[in-house]
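**Q** Sequence first, predicted coordinates after that:
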Amino acid sequence: MLIRVSRSLSRPSLCVQRLLRCSSHTQLSQLHSTSIRKSEVKIKGTAYQSDDVTNVTPRILSKIGKNLHTVKHHPLGLIKRRIENYFYTHFTNRVGNPLFAIFDRLDPVVTIHQNFDSLLTPEDHVSRSPKDTYYVNRDLLLRAHTSAHQEEIIKMGCDAFLAVGDVYRRDQIDATHYPVFHQCEIVRLFTEGEVFSRVKDPTGLRIFDEGDRRSHDKQEMHTLEAAKLVEFDLKKCLLGLTLQLFGKDVEYRWVDAYFPFTHPSWELEIFHGGDWLEVLGCGIMEQKLLNNAGAMSKIGWAAGLGLERLAMKLYAIPDIRLFWSEEEAFQKQFRVDNPETPITFKPLSVYAPCLNDISFWVPSNFSSNDFYDLVRTVGGDLVEQVDLVDEFTHPKHQRTSHCYRLVYRHMDRTLTQAEANEIHSSIGQKAIENLGVEIR
Ligand code: PHE
C-alpha cells in the first residue's frame, strides 16, 4: 500500500486548512517533545518565557533575521523589487508619490490576536493548532502569514500598503515545502468617494446598505455596486502584477476560494510549465475586520502572495532549500542590477541521493508534523524529502504503524551512504526518545 502525503506544489492556504477542524483547547494543551524545554527562548536578543505550548526549534529560530527578501541579489529580493516596482510605477497619489507604503521589517513574533483573532479565524480552526504553527509560548507565535499585520497597519491610518516578510508553518518535507517561506501582503482601502470616483453621476451611490443579506457576491452590509467596483479594482491590480511578472500572454483563471477574513474570496492561477499554479489568494476584506481596525467608513481588498513559489517558477529553481544556500555557485546566478533581467537557474551539479526507510509504532497523540520537525532538527538541509509510504493499524492490538521514506541529498557534493546511515540512525534514536515511538 502506498500513501503519498506530499501535497501538490500549492502550499495549503488557510482556506484549505479550514476543512480540517479540531478543538483548540486540546490543541494548546498538547506537549511537543521536539520543542525547546528550557525556560526561555531567545529571539534576536529578546528573551521570551517558554511554556508547555512552546514548539519552536533552534533550527527554526536560526532563520529569524535572515530577511532573504531584503537581500539585493537574492532571488526573493529580486522578486520583491519587481513587485515594488509594479506598485511604484502604476499607483501614485495626487502629488505623484507612491500610493502603497512598504513594510518589510515587521517582527515575525506576533500575538495570537494578530495572527488569528484580528483575522476572525474561528476558535477551532486547524491553523491554530501547535501541530501546524510554531508557538514561542501560549501568547506569542511565529506568524504563519503576513495577513497578521493587516489590522495594526490599518490602525496606523495606512490605506494602501505591502507587508513583506518571512512566515513559518510546520509542514511536510519535500522540494517545494520548507517550514520558513516568504509572503507579500497587499491591502487597499477606499472611501465612498474613491469607490465611485469614476462614475459620471455618483449621486445616491453608497458603500453600505443596512438590512441586506450576504450572498456569493458580497457581504451583508455592502451594496452590490460597491462590492463589484472593489472586486474590479482588486482583479485589475493583481492581474496587472501577475502579467508583469509572468509576461502578458500567460494564461490565467480566477477560482472561488474561502478565507475567514475576506468575502468574496478568490485565488488567481496561471498556466505555467504544463500545470495550473496558484499565484495568490485574495478577497474583499471582512467589514468586521475594518471596523475593529477603526476604518469603519471604508471598504477594501487584501491579497497574499508566496514569494518562493513565484521565484521557483520564474527562475526554474528546482528545490526550495536552495533559497538558503550560501554557495557562491548559487548566489552568483542572481547578481543582476536590474531585477527585470530574465534569469534561468542552472542547477549546480546534481549529486546522487541516498534513500533510507524507517518504520515505527506511533503513540496515540502522534502527529506526522512532529516527526518532520525532528527530521529537520537532526538532518537539516541534507534531508530532501520525507514521505509517509505506509500506514496501517494492527487488527489485534490496534496499534498504528508508520513507515517513512527519507531521501538524503547534499546540495554541493556526494553524500556517502555511510553518512546518510549515521544521520538516519540518530533520527531513529531521537524519535524514540522524544516522540515515544517504537521502532519495528
Ligand atoms: N493569508 C492567506 C494565506 O496565507 C492569503 C490571503 C491574504 C488571502 C489576503 C486573502 C487575503 O493563505
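**A** Noted; the coordinates are in hand.

**Q** Only C-alpha atoms from now on, for both contacts and neighbour counts.
**A** Noted.

**Q** show me the contacts for Glu192.
**A** Arg206, Ile207, Ser297, Lys298, Ile299 (C-alpha atoms under 8 Å, 6 or more residues apart in numbering).

**Q** What pLDDT is listed against the closest residue to the fourth one other than its chain neighbours?
**A** Across the structure, with C-alpha to C-alpha, 6 or more residues apart in numbering as the measure, the residue nearest Lys298 apart from its sequence neighbours is Thr191 (4.9 Å). You'll see Thr191 listed with a pLDDT of 98.

**Q** In this structure Thr191 contacts Ile299, no?
**A** Yes: counting by C-alpha atoms under 8 Å, Ile299 is a contact partner of Thr191 at 6.8 Å.

**Q** which one of those two has more residues nearby?
**A** Neighbours were counted for Thr191 and for Ile299 using other C-alpha atoms under 10 Å; Ile299 has more, 25 against 16.

**Q** Let me see the contact set for the more buried one.
**A** Counting by C-alpha under 8 Å, 6+ apart, Ile299 touches Leu189, Phe190, Thr191, Glu192, Ile207, Val230, Ile284, Met285, Gln287, Leu290.

**Q** Try it again at 10 Å.
**A** Neighbour list for Ile299: 188-192, 194-195, 207-208, 222, 226-227, 230, 284-287, 290-291 [criterion: C-alpha atoms under 10 Å, 6 or more residues apart in numbering].

**Q** Please, a ChimeraX command that selects the buried ones among the contacts of Glu192?
**A** With 16 or more other C-alpha atoms under 10 Å as the criterion, this ChimeraX line picks the buried residues out of the contacts of Glu192:
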select :206,207,298,299
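
**Q** I'd like the contacts of Glu192 as a markdown table, with secondary structure and pLDDT appended.
**A** Output for the contacts of Glu192, formatted as a markdown table (DSSP: H, G, I helix; E, B strand; the rest coil; pLDDT from 0 to 100):
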| residue | secondary structure | pLDDT |
| --- | --- | --- |
| Arg206 | coil | 97 |
| Ile207 | coil | 98 |
| Ser297 | coil | 98 |
| Lys298 | coil | 98 |
| Ile299 | strand | 98 |
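
**Q** Could I get the contacts of Glu192 in CSV, plus columns for distance to the ligand?
**A** Formatted as CSV, these follow (distance: C-alpha to the nearest ligand atom, whole Å):
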residue, distance to the ligand
Arg206, 24
Ile207, 20
Ser297, 20
Lys298, 17
Ile299, 14
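
**Q** which one of the contacts of Glu192 is nearest Trp361?
**A** Ile299 (52.6 Å; C-alpha to C-alpha).

**Q** Could you check how far the closest one is from Asp52?
**A** 40 Å (C-alpha to C-alpha, to the nearest Å).

**Q** again, but for Tyr258
**A** With C-alpha to C-alpha as the criterion, Tyr258 and Asp52 are 32 Å apart.

**Q** Kindly report the same for Asn434.
**A** 15 Å.

**Q** Between the two, which is the more surrounded one?
**A** Asp52 (19 against 15).
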